[in-house]
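1. okay, predicted coordinates and the sequence, questions at the end:
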Amino acid sequence: SQQGEEDPQALSIQEGENATMNCSYKTSINNLQWYRQNSGRGLVHLILIRSNEREKHSGRLRVTLDTSKKSSSLLITASRAADTASYFCATDAKETSGSRLTFGEGTQLTVNP
Amino acid sequence: NAGVTQTPKFQVLKTGQSMTLQCAQDMNHEYMSWYRQDPGMGLRLIHYSVGAGITDQGEVPNGYNVSRSTTEDFPLRLLSAAPSQTSVYFCASSYSGRFYGYTFGSGTRLTVV
């Protein structure tokens, strides 16, 4: 079964708007990672947030982590048509020490020009 | 170009045939993994390795074998292909999954008829 669950499954917004995706997980983690996948391509690593961090920024991306609620959110600000992709959260469970990730089913983001 | 190289990109097999999906990375990463991606199911871990000579099973290992004789290569063998193995296969590597994200290959689209 999947460790992470993304919400919503699909999101459609206009260019320039912000996009927020959420991820919930079940076990204790070392870190949580977000990936982007363009249609027909491999996954691209976006950001990693460790269990002792609450917020992390990278360019237009902002990730938050709430370990008490076992949830994370990815915010993309000022979205562009090129941000259209599927976004996945992945967790590194405490007992696996980075050797294996468990992925959610992803959020399909569509940014309309 | 540095990265993860997967071959072939596309493959059609008949039920019962065997084949090897190749994966090579030139980043001196210790951690390598194989995932399969099916529609609506995110990525599921097949096998993973934390270094040359060390492999372990993931979530869906049945019907697949791996070996890791060198740091660079991590081939995935389908022993006797079944239609249920029709999927997109991704190889990924990381310097240390605990503190770094994974780099993914571009995938192998496999169809078993």
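-> Done, it's in. Numbering: from 1, shown residues only, chains lettered A, B, ... in the order given.

2. so residue B:44 versus residue B:89, what's the distance?
-> Residue B:44 sits 11 Å away from residue B:89, going by C-beta to C-beta, to the nearest Å. No exception for glycine: its C-beta is placed from N, CA and C like everyone else's.

3. common neighbours of these two, please.
-> B:35-37 (C-beta atoms under 8 Å, 6 or more residues apart in numbering or on different chains).

4. out of the residues you listed, grab the one that's most surrounded.
-> Using other C-beta atoms under 10 Å in any protein chain shown as the neighbour test, the shared contacts of residue B:44 and residue B:89 are led by residue B:35, with 27 neighbours.

5. who's it bridged to?
-> residue B:45, residue B:90 (DSSP bridges).

6. mind pulling the model confidence for it?
-> On the pLDDT scale, residue B:35 is placed at 98.

7. which residues touch it?
-> Per C-beta under 8 Å, 6+ apart, neighbours of residue B:35: A:103, B:43-46, B:89-92.

8. picking up where we left off before, settle it for me: which of residue B:44 and residue B:89 has more neighbours?
-> Neighbours were counted for residue B:44 and for residue B:89 using other C-beta under 10 Å; residue B:89 has more, 23 against 18.

9. do I have it right that residue B:63 meets residue B:76?
-> No - applying C-beta atoms under 8 Å as the test, residue B:63 and residue B:76 come out as separate, 10.5 Å apart.

10. looking at these two, which one has more neighbours?
-> Comparing residue B:63 with residue B:76 by other C-beta under 10 Å, the one with more neighbours is residue B:76, at 21 against 14.
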